[in-house]
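> could you work out the structure for the sequence below:
(one chain, ligands or ions: 1)
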Amino acid sequence: MLRVGLAMLQGARHEHAEALRGAANELGVEVEVVECRRAEHVHDVDALVLPGGESTTMRIASQHESLLEASFAWMEQHPDRPVLGTCAGAILLAAPGNGREPFVRVGIQRNAWGRQKQSFEASVEVNLATPKASFMEVDAPPRDRFQHQPLAVQSQVERVIGDGFPGVFIRAPRFDPAVMDCLPAATLGEEIVGVIDGRKLALTFHPELTVDRRFHRWLLEQAADVKGATS
Ligand code: GLN
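You can find the predicted model right below:
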């Protein structure tokens, strides 16, 4: 049983929980999604997801329960355990602040595509050792206990070319390739939109808003690998 922490900071958290369950289903592994609301929830997880949202709000909102600090401390204690940071989560990985060394060594600029209106969808090329897209689950995921229903963005899937990933960019940040000491994991033409540093994956888009579970499967596979090696 893999325990995957989901930092309940702000943003598309429930979609990530659904995506993790879907990915576990596709891989035939058991997963417990640990909704991390307080610092102590983080300490024993095998992997962590830092969702999108508004990174400034996330930093401020987490001060009270020190969830973000606890997440960073967990990453420092377990540098081999995998982390998926999406959009604002990628900003937190690349620029954790408070004098901390970045967890993914790349420059990042917030809101660098422009305003909300400049949010867009595009087919992203994935360069990551992970199985290809599988679109087994195209039904709308069920509502959670907050009556919140994750989006099943099927229309995008149809528009994606070949093995492309349906990239949803919402007030997305941009990586600075001039300040990059890790590998590209996803590209949009010339633009690097995903980077991988060890087992930390930072994406400027929102894979949880699609039905393609590739990145969530990658996270679970990495977690299983690490766990298998240590137990
Ligand atoms: N614009 C947000 C920020 O700077 C990120 C947007 C997102 O996570 N979708 O934190």
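> who in the chain is up against the ligand?
11, 52-55, 87-88, 91, 110-111, 170-171, 173 (C-beta under 6 Å from any ligand atom). Any C-beta I mention is one placed from the backbone N, CA and C, and that applies to glycine too.
> helices of the chain, start to end?
Secondary structure of the chain (DSSP state H): helices located at 13-27, 39-42, 55-61, 67-77, 88-94, 154-159, 214-230.
> packing partners for the second one?
The criterion is 3 or more C-beta pairs under 8 Å, 6 or more residues apart in numbering; DSSP states H and E, and the helices and strands that helix 39-42 contacts are strand 2-7, strand 31-36, helix 67-77.
> contacts for it?
5, 7, 34-36, 48, 65-67, 69-71, 74 (C-beta atoms under 8 Å, 6 or more residues apart in numbering).
> 6 Å - rerun?
The contact list for helix 39-42 (C-beta atoms under 6 Å, 6 or more residues apart in numbering) reads 5, 36, 66-67, 70-71, 74.
> cool, stretch 191-202 as well?
82-85, 90, 93, 103-106, 124, 175, 177, 182-186, 203-204, 222.
> and the pLDDT for residue 140?
Residue 140 carries a pLDDT value of 56.
> which one is residue 102 nearest to, not counting chain neighbours?
residue 94 (5.3 Å; C-beta to C-beta, 6 or more residues apart in numbering).
> surely that neighbour is in contact with residue 106?
Yes: using C-beta atoms under 6 Å, residue 94 is in contact with residue 106, at 5.3 Å.
> which of those two has more neighbours?
residue 94 (27 against 24; other C-beta atoms under 10 Å).
> circling back to that earlier point, and the contacts of stretch 191-202, which are buried?
By neighbour count, with 16 or more other C-beta atoms under 10 Å, those hold 82-85, 90, 93, 103-106, 124, 175, 182, 184-186, 203-204, 222 as buried.
> what is the neighbour count of residue 180?
18.
> ok, it - contacts?
Going by C-beta under 6 Å, 6+ apart, the list of residues near residue 180 reads residue 106.
> which among the residues of the chain next to the ligand count as buried?
Neighbour counting by 16+ other C-beta under 10 Å classes 11, 52-55, 87-88, 91, 170-171, 173 among the residues of the chain next to the ligand as buried.
> quick one, what contacts residue 53?
Here residue 53 is in contact with 10-11, 88 (C-beta under 6 Å, 6+ apart).
> need those residues in CSV (columns: pLDDT).
Below are the contacts of residue 53 laid out as CSV (pLDDT from 0 to 100):
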residue, pLDDT
10, 79
11, 73
88, 95
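> lowest confidence element among the helices and strands of this protein?
helix 154-159 (a mean of 43; mean pLDDT, DSSP states H and E).
> hmm, residue 176 is touching residue 112, no?
No: between residue 176 and residue 112 there is no contact, the gap being 9.0 Å when judged by C-beta under 6 Å.
> how much space separates the residue nearest to residue 102 from residue 2?
Per C-beta to C-beta, to the nearest Å, residue 94 is found 25 Å from residue 2.
> ok, residue 23 next?
Taken as C-beta to C-beta, the span from residue 23 to residue 2 is 10 Å.
> more neighbours: which of those two?
residue 23 (25 against 21).
> what residues are up against the more buried one?
Residues near residue 23 by C-beta under 6 Å, 6+ apart: 213, 216-217, 220.
> between these, which has the most around it?
residue 213 (29 neighbours).
> verify the stated contact: that one with residue 21.
No: between residue 213 and residue 21 there is no contact under C-beta under 6 Å: 9.4 Å.
> if we can go back for a sec, so for the buried ones among the residues of the chain next to the ligand, which is the shakiest by pLDDT?
Among those, residue 11 carries the lowest pLDDT, at 73.
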